[in-house]
Every structure is written in structure tokens, then in C-alpha cells.
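J.: Quick one: sequence and predicted model below, then my questions.
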Amino acid sequence: MKTYSENSTKDPESLLGSAYSHIDGAEQDSLPDAPSIEELLRRNADLWLGCDMAGQGMHGRNTGYPQLDDILPGRGWPQNGLLEIISPQWGMGELQLLVPLMRSVIEQGQWILWISPPHLLYAPALVQAGIDTDQILVVNLDTSCKDALWSMEKALQTKNCGLVLAWQTWLPGKVLRRLQLAAESGNTLGILFKHRDSKHSPSRIRLEIKGSTSNIGSFKDAEVTVIKARGNFQPLTIRLQLYQHHARI
């Protein structure tokens with residue numbers, strides 16, 4: 001497991017201007033003369049299949065939870081773009097939703113980048129869950145806002161990076177839109193963990209997770225609500241047993 005760290009910066013908002021003051025023109029891949037429907041859907045976030053509006057279609061990435069697949073457009077995680085997971089506090093089992101996805105990314109030989117995780121990663125639990133820690137990069141919590149955002153954007157644009165996980169609750173809309181474009185250009189999925197919902201977020205999907213405990217320190221199940229998903233017009237909620245099949249992280 002590799003770690004990247006810089007000196008801590010206490011005022012992240014003041015760095016947003018400097019972090020994005022120099023914008024290089026992104027290189028655009030030339031489109032073929034007759035792009036396929038799949039290519040148009042992948043490149044344009046404003047297009048979607050009509051079947052997605054009914055929760056149908058099979059072009060999503062399997063979540064490993066059939067109940068969750070059933071309420072997501074494309075029946076799974078999006079292939080790229082930004083996705084938000086909102087929870088009142090971190091460590092409620094939200095990472096368990098992503099264990100099958102992380103396994104899939106690792107099996108494809110791609111990297112996973114963790115941006116400012118609130119707790120130290122417990123490598124034995126990752127290994128027990130079938131996740132190779134040699135393919136994980138970590139940007140520490142004490143890394144400056146400027147460096148964390150730069151790392152996140154570059155990783156989303158890199159095809160060798162299959163997944164970016166970031167704990168950044170304060171990012172404004174203009175930064176989220178920039179990261180959304182970076183994820184689309186790199187065909188990479190970025191997941192933001194947040195404490196609060198933002199109704200005007202450009203992210204493709206917003207989920208909220210709430211948990212319940214039967215015993216102290218024993219997380220039993222979770223209530224997962226799709227607050228927003230492209231093509232869905234009303235919130236959908238399910239209950240999941242998160243720790244039934246996967247090692248706890």
C-alpha cells in the first residue's frame with residue numbers, strides 16, 4: 001500500500017482558486033465518423049437510455065447486491081463519472097457497498113486511489129476481503145486541499161486508475177463539475193463520501209445510507225436510498241445486510 005502526503009493546510013476554501021487557476025486544455029479523443037450508441041452514451045452525460053427511466057437495462061457495473069442493482073439505472077454502478085454516498089457519520093458500513101466493485105477493479109489490474117480517508121486503512125481486512133493492497137494508493141488526511149484535488153483530478157483522467165474514493169464533504173459545485181468531466185474523459189468512476197446532501201450536485205447518482213445496530217459496535221443492516229439517479233424521478237429505498245458476505249473493513 002503506497003501513501004502520498006503533504007503538509008496540512010487548514011483553510012481548504014482559500015486554495016480552490018490556486019488549485020484551479022491554471023487550466024490546461026484537455027485533449028479530446030477524436031470521435032469516429034459514425035460513433036455507436038454506446039460511445040455516445042459514454043461520452044455524453046446528458047444522454048441515457050429510455051429503459052434507464054424504469055430501472056431497466058444491463059449496462060451498469062454489478063454492485064454485488066441484487067436489491068441495489070434493481071433500483072439503480074443500468075442495474076449497477078455507472079461505468080464512469082461521480083457518485084456520492086451520504087451518511088451522517090463515516091464508518092457505518094458504507095465501504096461494504098463497494099467491496100465487490102473494488103475486487104473487480106483490482107482483478108482488471110487497475111489502481112484504486114483513496115483521497116483523505118478519515119481512518120487508517122486496515123490492510124488485513126482489505127486482504128481478507130480479496131483486495132490486493134499493492135494496487136491501492138492513499139493520499140493522507142493531512143494532505144493539503146490543493147494537492148488532494150490535483151491528485152483526484154489526475155487519477156480520474158488516468159485509464160490505469162479504475163476507482164477513486166474521496167472523503168471531501170465541502171467541495172463546491174464548480175469543482176464537482178470539473179471532477180465529473182475528468183471522470184468521463186478518463187472513463188473512471190469517482191465516489192465521494194459526504195455527510196450532507198447537495199440537491200444541485202452534478203454527480204450522476206446520490207445515495208444515502210443509514211444504519212441500525214442490534215448490539216453496541218455490531219453493525220447489522222443498512223437502509224440505502226437512491227436520492228438521485230439519472231432517469232429516476234423518485235427516491236427508492238431498500239434494506240441491505242452489508243456484512244453477510246464480506247469481511248468488515
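T.: In hand now; what should we look at?

J.: Could you use CA atoms for every contact and neighbour count after this?
T.: OK.

J.: give me every residue that touches residue 97.
T.: If you count contacts by Cα atoms under 8 Å, 6 or more residues apart in numbering, residue 97 has them with 63, 242.

J.: Then it would be within a strand, right?
T.: No - checked against DSSP: H, G, I helix; E, B strand; the rest coil, residue 97 lies outside a strand; its state is helix.

J.: do you know how far it is from residue 176?
T.: Relative to residue 176, residue 97 is positioned 22 Å away (Cα to Cα, to the nearest Å).

J.: which element is residue 67 on?
T.: helix 66-71 (DSSP states H and E).

J.: I'd like to know which elements that helix is packed against.
T.: Based on contacts counted as 3 or more Cα pairs under 8 Å, 6 or more residues apart in numbering; DSSP states H and E, the elements that helix 66-71 packs against are strand 236-240.

J.: Within its sheet, name the partner strands of the strand it packs on and how each one runs.
T.: Looking at strand 236-240 with DSSP bridges, its partner strands are strand 218-229 (antiparallel).

J.: Can you tell me what sits against the strand it pairs with?
T.: Contacts to strand 218-229, defined as Cα under 8 Å, 6+ apart, come from residues 71-73, 92-93, 204-214, 234-243.

J.: can you list the weak-confidence ranges in this structure?
T.: Applying pLDDT under 70 to the chain flags residues 1-35, 37-58, 212-220, 230-233, 244-249.

J.: What segments of it are helices?
T.: In order along the chain, the chain carries the following helices (DSSP state H): 16-19, 37-43, 66-71, 99-107, 123-128, 145-157, 173-186.
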